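In: Prediction below, plus the sequence it came from.
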Amino acid sequence: MPHAQGARGLCEDAGRAVTSTAGARSIIVASNRGPVSFAEDERGQLVPRRGKGGLVTAIGAALQSSGGLWIASAMSDADHRHAGRTIHVDADRESYRFRMLPFDPQEYGRFYDGISNRVLWFLHHHLWDLPRRPTFEGLALDWAAYRAVNEEFARALDEEGPPSGPPPVFLVQDYHLALVPAILRGRRPDAPIAHFSHIPFAGPNEFRILPQSIREELLGGLLGADVVGFQAPRWAENFLLCCRTLPGARVDLWRSLVRWQGRRVRVRIYPVSIDPAALTEDASTEPVARARDEIARMKGDRRLLLRVDRAELSKNILRGLLAYERFLLDHQEWAGRVSFLALLNPSRQHLPEYRAYAQECVALAERINGDLGRPGWKPIELSLQDDYARALAAYQLYDVLVVNPVYDGMNLVAKEGPVLNGQDGALVLSENAGAFAELGPWAVPVNPFDVEASAEAILAALTMDPAERGRRARDLRKAVSRNRIDRWVAVQVRDLERVRPPEDS
């Protein structure tokens, strides 16, 4: 999915916001995937490829303003050849230090595919076919690798912190590194530590699918932080309810805190947003203009439905296509008057279940086109490639944007589309997307598992009164603009400072 690439004014705003809250502390960020990956040119010089997204920009600006550091796993061959040393990253107006950690490929595979993807991702997104999966074969070896990688991250964070003076602020990112806070706490008892989960968090019933020892280690790992952050209130509530099952934890739901091992751990909401100005600038390029002309010709005088997703199981692409088919079968007067553009970005194609899912999506679109299409009208145009310019162009032209994940931590497509759209397009939004907490009042809500109800939601979006569509489109843009990504890091640092005692107390 596309996310705005440039820093622009966001960099200065984010930097100022963090400087005003972090004070003399530096910031050290840890994530599995870093803000850049590297290749080598013919002279053996590192050539950076910067990650996309306002979040990368906001964190990078915060690091620059605080003299901070970003630590991540080495990914590419060039990454591995230069891992272990600190590299200075210069991108747009950002400049900060970056260190990559090398891992044994087999150990990293068990950590990433064995636990992070096939266990934690599937658990928190409710993707298991429970009568058959999981069986947890090989879990002990995979979990040992997950723990070892987390221990290495914690060791690297610890050694990067200054031996004297105020300890740095440690910001640990996502489900890959759930054990890091507790391990780091053992090394640095007084350090301010935050952990943020970018994905959903399962409720206690789902969490009990995991073996008890792993459940307790995961929860205890996260509770090593001073602040545990989530994208939306329901994910935070799920975490608190899971903590109720942890022996020794005392949960205060009203105050959103957990008393654990003599400490108070705050649970907070920090919804990630986008940089509208940067996204608009990215959408003003010549490649986007060419793609826009091509899509406009394809659209003609028809209404355009759009989805922009990674070809990933949680995005619920198959049910979205089935809902469109149901809509066409139930409302045949729309035949030839509407087209569905599905822009899918290949994801995790090294895993067989993801390859199979992408193939199912393509096959279903072809079957629907064969059954319902006619000369001059192709009901579905499906593309399986990473095409940033085409996605930005399609955002500008859709009449209905379909965002129907089974579960999603946030889903930034639901925010990007309304910012760029010039058609007063309607948003069909899953109730299980984190974005629903912010955008739900102005979207057409949908139960992502209910194909027939989703078909009726498509009809409701297409037939909505024009004045109502316009009002909702404006309110969606306002809602996105209110939540500023440049404040995302600063608010977390502020909360850490509030919950920790002063250095001289």
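Out: Here it is on my side, so go on.
In: First-to-last residue distance for stretch 444-463?
Out: Across stretch 444-463, the terminal residues are separated by 12 Å (CA to CA, to the nearest Å).
In: Can you point out the buried residues in stretch 264-279?
Out: By 16 or more other CB atoms under 10 Å, the buried positions in stretch 264-279 come out as 265-279. All C-beta atoms are positioned from the backbone trio N, CA, C, and that covers glycine.
In: Now find how far off-centre that stretch is within its chain.
Out: 11 Å (CA atoms, centre = their mean, to the nearest Å).
In: any idea of the mean pLDDT for that stretch?
Out: Taken as a whole, stretch 264-279 carries a mean pLDDT of 95.
In: Gln45: neighbour count?
Out: As a burial measure, Gln45 scores 10 neighbours (other CB atoms under 10 Å).
In: Local confidence estimate at it?
Out: For Gln45, the pLDDT comes out at 75.
In: Could you do Phe170 as well?
Out: pLDDT, Phe170: 97.
In: ok, the nearest residue to it once chain neighbours are set aside - contacts?
Out: Nearest residue to Phe170, sequence neighbours excluded (CB to CB, 6 or more residues apart in numbering): Ile193, at 4.6 Å. Contacts of Ile193 were listed using CB atoms under 8 Å, 6 or more residues apart in numbering, and they are Phe170, Val172, Pro181, Leu184, Arg185, Gly224, Ala225, Asp226, Val227, Leu496.
In: residue contacts, the second one?
Out: Read it as Val172. Val172 neighbours (CB under 8 Å, 6+ apart): 29-31, 153, 157, 180-181, 184, 193-196, 225.
In: And the helices in the stretch 51-200 of the chain?
Out: 54-66, 77-81, 105-109, 122-124, 139-160, 180-187 (DSSP state H, counting those that start in this stretch).
In: From the chain's centroid, how far away is the first one?
Out: For helix 54-66, the gap between its own C-alpha mean and the chain's C-alpha mean amounts to 17 Å (CA atoms, centre = their mean).
In: list the helices and strands it packs on?
Out: helix 8-22, strand 27-30, strand 69-73, strand 94-101, helix 276-282, helix 488-499 (3 or more CB pairs under 8 Å, 6 or more residues apart in numbering; DSSP states H and E).
In: wait, doesn't Glu452 sit right on Arg326?
Out: Yes: Glu452 lies in contact with Arg326 (CB atoms under 8 Å); the separation is 6.0 Å.
In: who has more neighbours, the two?
Out: It is Arg326, of Glu452 and Arg326, that has more neighbours when counted by other CB under 10 Å, with 18 against 13.
In: what's the neighbour count on the closest residue to Leu130 other than its chain neighbours?
Out: With sequence-adjacent residues excluded and distances taken as CB to CB, 6+ apart, Leu130 is closest to Ile209, at 7.7 Å. Look at Ile209: counted by other CB under 10 Å, it has 16 neighbours.
In: need the contact list for Ile209.
Out: If you count contacts by CB under 8 Å, 6+ apart, then Ile209 has Leu123, Trp128, Leu130, Pro134 around it.
In: Name the helix or strand for it, please.
Out: According to DSSP states H and E, Ile209 maps onto no helix or strand at all.
In: Which pLDDT value belongs to it?
Out: 98.
In: Next one: it relative to Val491, how far apart?
Out: 33 Å (CB to CB, to the nearest Å).
In: mind listing the strands in the stretch 401-505 of the chain by residue range?
Out: 426-430, 444-446 (DSSP state E, counting those that start in this stretch).
In: In a markdown table, list those strands along with mean neighbour count and distance to Tyr398.
Out: Formatted as a markdown table, the strands of the stretch 401-505 of the chain follow (neighbours: other CB atoms under 10 Å; distance: least, CB to CB, whole Å):
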| stretch | mean neighbour count | distance to Tyr398 |
| --- | --- | --- |
| strand 426-430 | 27 | 9 |
| strand 444-446 | 22 | 13 |
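In: These: which one's closest to Arg337?
Out: Arg337 sits nearest to strand 426-430 of all those, at 15.8 Å, using CB to CB.
In: what about the closest one, distance to the chain center?
Out: On the basis of CA atoms, centre = their mean, strand 426-430 sits 18 Å off its chain's mean C-alpha point.
In: And for stretch 102-120?
Out: 19 Å.
In: What of stretch 319-335?
Out: With CA atoms, centre = their mean, you get 30 Å for stretch 319-335.
In: Buried ones in it, by neighbour count?
Out: By 16+ other CB under 10 Å, the buried positions in stretch 319-335 come out as Arg319, Gly320, Leu321, Leu322, Ala323, Tyr324, Glu325, Arg326, Phe327, Leu328, His331, Trp334.
In: With stretch 185-194 instead?
Out: Arg185, Arg188, Ala191, Pro192, Ile193, Ala194.
In: quick check, nearest of these to Ala473?
Out: Ranked by distance to Ala473 (CB to CB), the buried residues of stretch 185-194 are led by Ala194 at 34.9 Å.
In: For the closest one, list each beta-bridge partner.
Out: On the basis of DSSP bridges, Ala194 is bridged to Leu171, Val227.
In: isn't it right up against Val489?
Out: No: using CB under 8 Å, Ala194 makes no contact with Val489, being 9.7 Å away.
In: residues shared between the contacts of those two?
Out: With CB under 8 Å, 6+ apart as the test, Ala194 and Val489 both reach Leu171.
In: ok, now how distant is the residue lying closest to Asn411 once chain neighbours are set aside from Asp275?
Out: With CB to CB, 6+ apart as the criterion, Asn411 has its nearest non-adjacent residue at 4.4 Å, and that residue is Ala433. Counting by CB to CB, the gap from Ala433 to Asp275 is 20 Å.
In: Tell me how this structure divides into domains.
Out: Under the assignment automatic domain parsing, the domains of the chain span 9-273+486-499, 279-482.
In: worst average pLDDT in the ones you listed?
Out: domain 9-273+486-499 - the lowest mean pLDDT of the domains of the chain, at a mean of 90.
In: Tell me the gap between it and the middle of its chain.
Out: Distance, centroid of domain 9-273+486-499 to centroid of chain: 13 Å (CA atoms, centre = their mean).
In: Could you number the chain from 142 rather than 1 from now on?
Out: Yep, numbering from 142; the last one is domain 150-414+627-640 now.
In: In three-state terms, label Glu522 for me.
Out: Assigned by DSSP: H, G, I helix; E, B strand; the rest coil, the conformation of Glu522 is strand.
In: isn't it right next to Val479, touching?
Out: No: the criterion here is CB under 8 Å, and Glu522 misses it with Val479 at 11.8 Å.
In: between the two, who's got more neighbours?
Out: When Glu522 and Val479 are compared on other CB under 10 Å, the one with more neighbours turns out to be Val479, at 21 against 16.
In: The more buried one contacts Thr604, doesn't it?
Out: No: Val479 sits out of contact with Thr604 when judged by CB under 8 Å, with a separation of 11.2 Å.
In: got the CA positions of stretch 377-396 in PDB?
Out: Extracted in PDB, the C-alpha atoms of stretch 377-396 (Å, rounded to 0.1, in the frame of the first residue of the first chain):
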ATOM      1  CA  ALA A 377      -5.600  -1.700  24.400                       C
ATOM      2  CA  GLU A 378      -8.600  -3.200  26.100                       C
ATOM      3  CA  ASN A 379      -7.800  -6.700  24.800                       C
ATOM      4  CA  PHE A 380      -4.300  -6.400  26.100                       C
ATOM      5  CA  LEU A 381      -5.500  -5.300  29.600                       C
ATOM      6  CA  LEU A 382      -8.000  -8.300  29.600                       C
ATOM      7  CA  CYS A 383      -5.200 -10.600  28.700                       C
ATOM      8  CA  CYS A 384      -3.100  -9.200  31.500                       C
ATOM      9  CA  ARG A 385      -5.800 -10.200  33.900                       C
ATOM     10  CA  THR A 386      -4.900 -13.900  33.100                       C
ATOM     11  CA  LEU A 387      -1.300 -13.300  34.100                       C
ATOM     12  CA  PRO A 388      -0.400 -14.500  37.600                       C
ATOM     13  CA  GLY A 389       0.800 -11.600  39.700                       C
ATOM     14  CA  ALA A 390      -0.600  -8.900  37.500                       C
ATOM     15  CA  ARG A 391      -3.200  -6.500  38.900                       C
ATOM     16  CA  VAL A 392      -5.200  -4.700  36.200                       C
ATOM     17  CA  ASP A 393      -7.000  -1.400  36.600                       C
ATOM     18  CA  LEU A 394      -9.300  -1.200  33.600                       C
ATOM     19  CA  TRP A 395     -10.700   2.200  34.500                       C
ATOM     20  CA  ARG A 396      -7.200   3.800  34.700                       C
END
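In: Fine, thanks again, bye for now.
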